[in-house]
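> prediction below, plus the sequence it came from.
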Amino acid sequence: MTAAPDPRAKPVSASRVVLSYVMNPADANPLGSVHGGVILRLMDEAGGVAAARHARRPAVTAAMDSMTFRSPVPIGCLVIFKASVNYVGNTSMEVGVRVETENLLTGEIRHTASAYLVYVALDEEGKPAPVPRLIPETEKDRRRMAAAEARMAARLRQRKA
C-alpha cells in the first residue's frame with residue numbers, strides 16, 4: 001500500500017528567493033570594498049526569507065557552514081543573493097545561498113560567495129516547530145537534496161563528537 005502524499009509538502013520552487021541590493025559607501029571599508037559582515041548579514045537575510053517561505057513560520061539561524069569570499073565587492077555594484085531550501089529535517093532546514101556581484105556599467109556578473117545555512121522553524125512560543133517536507137522538482141534539486149542530507153548527517157555527527 002502506498003502512503004498518501006503529505007498535503008503540507010512543498011516544492012523547492014515555492015521557497016526560492018532572489019534579493020538584490022546596490023552597495024553604497026556606508027557598506028564599505030576604507031579600500032572601497034563592501035565589508036564581509038554586510039555580505040554575511042544579507043546572506044542570512046536571504047536564507048531566512050527562503051526558510052520562512054517554506055515553513056510559513058519564523059525561522060532562526062542555527063548554523064552556517066564555512067565560506068570563502070571569492071572576490072571583493074566594490075561599492076556601486078549590484079549584489080544578488082539567491083537562496084533556496086535544499087533539505088528539511090523535522091524542524092530544521094538547510095538553505096543554500098549564492099552571492100553574485102553585477103557591475104551595473106559593464107554587465108559583468110561574478111560569483112562572489114556561497115554558503116549553506118541551517119534554520120530552525122519556531123512556533124508561537126518560540127519552540128522548534130515541524131516544517132513541511134520538501135519536494136525536489138528537477139534532477140538538480142535531487143542532487144542538492146542528497147548532498148544537503150549528507151551535510152546534515154555530518155553536522156549531527158560533529159555535534160555528538
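Right, received. Where do you want to start? Note that the coordinates shown come from a computational prediction; the quantities given were computed from them, not determined experimentally.
> strands along this structure, start to end?
Defined through DSSP state E, the strands belonging to the chain, from first to last, are 10-11, 17-22, 59-64, 78-88, 92-102, 109-121, 134-135.
> who does the third one pair up with?
Put plainly, it is strand 59-64. Taking DSSP bridges as the criterion, strand 59-64 pairs within the sheet with strand 109-121 (antiparallel).
> pull out the buried residues from the partner strand.
The neighbour-count criterion (16 or more other Cβ atoms under 10 Å) identifies 112, 113, 114, 115, 116, 117, 118, 119, 120, 121 as the buried residues of strand 109-121. Glycine gets a C-beta too; all of them are placed from N, C-alpha and C.
> the bottom helix or strand of the chain by mean pLDDT?
helix 139-160 (a mean of 93; mean pLDDT, DSSP states H and E).
> what's the offset of it from the middle of its chain?
Mean-position distance between helix 139-160 and its chain equals 14 Å (Cα atoms, centre = their mean, to the nearest Å).
> then that helix to CSV, C-alphas only?
What follows is helix 139-160 as a C-alpha-only set of coordinates in CSV (Å, rounded to 0.1, in the frame of the first residue of the first chain):
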residue,chain,number,x,y,z
GLU,A,139,17.5,16.5,-11.2
LYS,A,140,19.5,19.4,-9.9
ASP,A,141,17.1,19.7,-6.9
ARG,A,142,17.5,16.0,-6.2
ARG,A,143,21.3,16.2,-6.3
ARG,A,144,21.2,19.3,-4.0
MET,A,145,18.9,17.4,-1.6
ALA,A,146,21.2,14.4,-1.5
ALA,A,147,24.3,16.5,-0.8
ALA,A,148,22.4,18.5,1.8
GLU,A,149,21.3,15.3,3.6
ALA,A,150,24.9,14.2,3.8
ARG,A,151,26.0,17.6,5.2
MET,A,152,23.2,17.5,7.8
ALA,A,153,24.3,14.0,8.8
ALA,A,154,27.9,15.2,9.1
ARG,A,155,26.8,18.2,11.2
LEU,A,156,24.9,15.9,13.6
ARG,A,157,27.9,13.5,13.9
GLN,A,158,30.2,16.5,14.6
ARG,A,159,27.8,17.9,17.2
LYS,A,160,27.8,14.5,19.0
